[in-house]
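In: Mind folding the following:
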Amino acid sequence: MKTPVNPVFHVLAFILDKILMFVKFKTNCESKDNENGNNFELSLQRGDLLEVERTLFIHFGIYLGNNQVAHLIPDILPAISSDRSQIKKVVSNKRLIMGVLAKMASVRVDTLQDFAYGGSITVNEMDQSFKNKPLPNEDVAQRAEKLVGATSYSLLWDNCEHFVTYCRYGVPTSFQTEKFCETVKRIIRDQRSVLLSAVLGMVSMLCMGLGICTTLPTFLITFSLWMAS
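Out: The predicted structure follows:
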């Protein structure tokens, strides 16, 4: 009988894989050149869906032609500044993280190189797994252009993948969100998570002493995981 694999290990393996990919990216990105950049750009069509690997996720955009890409990215700056020259600069990690926390983003147009951020781009990869057929490329590009500007953001429910799938297929969907939620569901349903939460709760009570702030959360979390498992 095959022993079931603890879903916790799936999450740890996923995170480790992304960390290793990031290390490899940081090591090699400076040595990459753009000798094939022009040929790649010529192969793109207006309305193509672009994907690029980032640190912990895949980032998506819609190619508009003329080396321009529309993409939704978390960004706090448009909400706190009207300086267009600063807003047009490539979104820094600090701006991005603050945008995620504040649930603010913008659909912006950047160059193909800034969108790639040193990563490798794949084109229309989602066409193979999406049930809906792609809309005409010009319709896709026009949808993306109409959405350019400040918008709300949710890491799980309103992200860059929702943006591109709406533009290209007419349905806002995120396969990354679905995969993440399925993994979380498997962890919650695993009874070993109940034991782990109980052990951590007991350790916190031993270290911090008995009290409402330690006993109540331990009981509620353990009980909730038990009922959900």
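
In: which stretches of the chain form helices?
Out: Here the chain has its helices, by DSSP state H, at 7-28, 37-43, 77-80, 84-87, 93-102, 112-116, 137-146, 160-169, 175-189, 191-208, 212-228.

In: By mean pLDDT, flag the weakest helix or strand of the protein.
Out: Within the chain, confidence by mean pLDDT, DSSP states H and E is lowest for helix 7-28 among all helices and strands, at a mean of 49.

In: weakest of the helices of the chain by average pLDDT?
Out: Note on the helices of the chain: lowest mean pLDDT is at helix 7-28, with a mean of 49.

In: residues contacting residue 170?
Out: The neighbours of residue 170, taking CB atoms under 8 Å, 6 or more residues apart in numbering as the test, are 132, 135. In short, each C-beta sits where N, CA and C put it, glycine included.

In: for residue 144, same thing?
Out: Under the criterion of CB under 8 Å, 6+ apart, the contact partners of residue 144 comprise 62, 64, 70, 107, 163-164, 167.

In: Roughly how far does it sit from residue 128?
Out: Between residue 144 and residue 128 the computed distance is 21 Å (CB to CB, to the nearest Å).

In: now swap in residue 163 and tell me
Out: Taken as CB to CB, the spacing of residue 163 relative to residue 128 amounts to 20 Å.

In: who has more neighbours, those two?
Out: Here residue 163 and residue 128 are compared on neighbour count by other CB atoms under 10 Å; more neighbours surround residue 163, at 25 against 6.

In: Not counting its neighbours along the chain, what's nearest that one?
Out: Closest residue to residue 163 apart from its sequence neighbours, by CB to CB, 6 or more residues apart in numbering: residue 72 at 4.0 Å.

In: The one you found contacts residue 151, correct?
Out: Yes. The pair residue 72 and residue 151 qualifies as a contact (CB atoms under 8 Å) at a distance of 6.9 Å.

In: What are the structural domain limits within this protein?
Out: 7-181, 190-228 (automatic domain parsing).

In: what sits opposite residue 110 in the beta ladder?
Out: When bridges are called by DSSP bridges, residue 110 pairs up with residue 69.

In: Thank you, goodbye.
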